[in-house]
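Q: Predicted coordinates and the sequence they were generated for:
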Amino acid sequence: MELGQMELELLARCPLLRGAEEDLLRQILSRDGTELFSFSAGQVVYSPRQFRRCLGVLLSGQLQVTKGTLAVSLLEPGELFGAAALYSDAPEFATTITAKRSGRCLLLGQELVDELIAAQPLIRENYLRYLTGRIRFLSSRMQSLAQPGVEGRLARYLLANGQAGSVTCPAAQLARRLGVSRASLYRAFDALEKSGLILRQGKTILIPNPSALEHVL
């Protein structure tokens with residue numbers, strides 16, 4: 001299985017394989033249990049009744065994750081999906097994943113993920129960190145339904161996704177993920193920045209004191 005150099009670099013930055021050397025990435029791509037899957041805009045990639053026990057890495061395109069009528073998240077290239085089914089015996093997948101833009105993804109089967117977690121400490125640590133982040137994100141997503149203020153939603157997103165005290169994300173993309181207008185997002189930026197809770201440097205948002213930011217919730 002061959003990927004272009006940009007796709008290899010994307011794999012090396014994804015939550016599961018972050019920090020892996022190119023040789024290891026190429027070894028994984030040559031293993032049984034890997035598959036490239038292409039999809040078109042509007043196609044349902046996963047649904048409660050039609051899914052695979054694989055971990056997916058989005059290489060291109062855009063995927064919308066929904067639970068009934070609730071928009072849960074919007075996946076961009078480099079992000080993972082499918083973890084909810086990987087080690088679950090439940091007969092149904094928890095959400096529906098629909099392509100907003102055509103693209104393709106890399107699917108890693110459960111047995112291969114098992115072997116990688118057992119043999120590669122870096123991948124094991126990465127996966128545990130990813131699952132921890134998902135728990136925080138989903139918990140904050142549920143809380144945001146009860147407290148839908150834009151500042152609170154922005155604060156929860158930053159706390160759930162911040163690594164080493166910062167989050168890098170274009171404003172337009174962040175607004176889509178939060179389900180708010182760019183104008184509302186900029187007002188929330190201004191309010192949090194005036195309070196000294198965040199500091200913006202281009203596309204990067206610095207979180208100098210996460211504990212203080214939690215008080216916005």
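A: Thanks, I have the structure now.

Q: shaky segments in this structure?
A: Low-confidence segments of the chain, defined by pLDDT under 70: 140-148, 217.

Q: report the longest helix in it, please.
A: helix 121-146 (DSSP state H).

Q: chain center to it: distance?
A: Distance, stretch centre to chain centre, for helix 121-146: 9 Å (CA atoms, centre = their mean, to the nearest Å).

Q: Check stretch 62-69 too.
A: On CA atoms, centre = their mean, the centre of stretch 62-69 falls 13 Å from the chain's centre.

Q: quick one, phi/psi of Gly78?
A: phi 100, psi -10 (degrees, to the nearest 10).

Q: Neighbours of it, how many?
A: 19 (other CB atoms under 10 Å). Glycine gets a C-beta too; all of them are placed from N, C-alpha and C.

Q: Please determine how far it is located from Ala164.
A: Gly78 sits 17 Å away from Ala164, going by CB to CB, to the nearest Å.

Q: and what of Gln62?
A: Applying CB to CB to Gln62 and Ala164 gives a distance of 26 Å.

Q: Compare these two (neighbour count), which wins?
A: Neighbours were counted for Gln62 and for Ala164 using other CB under 10 Å; Gln62 has more, 19 against 7.

Q: Name the residues linked to that one by a beta bridge.
A: Going by DSSP bridges, Gln62 is paired in beta bridges with Arg101.

Q: and it, what is it in contact with?
A: Leu74, Leu75, Glu76, Ala99, Lys100, Arg101, Gly103 (CB atoms under 8 Å, 6 or more residues apart in numbering).

Q: if you set the cut-off to 7 Å instead, what comes out?
A: Contact partners of Gln62, counting by CB atoms under 7 Å, 6 or more residues apart in numbering, are Leu74, Leu75, Glu76, Lys100, Arg101.
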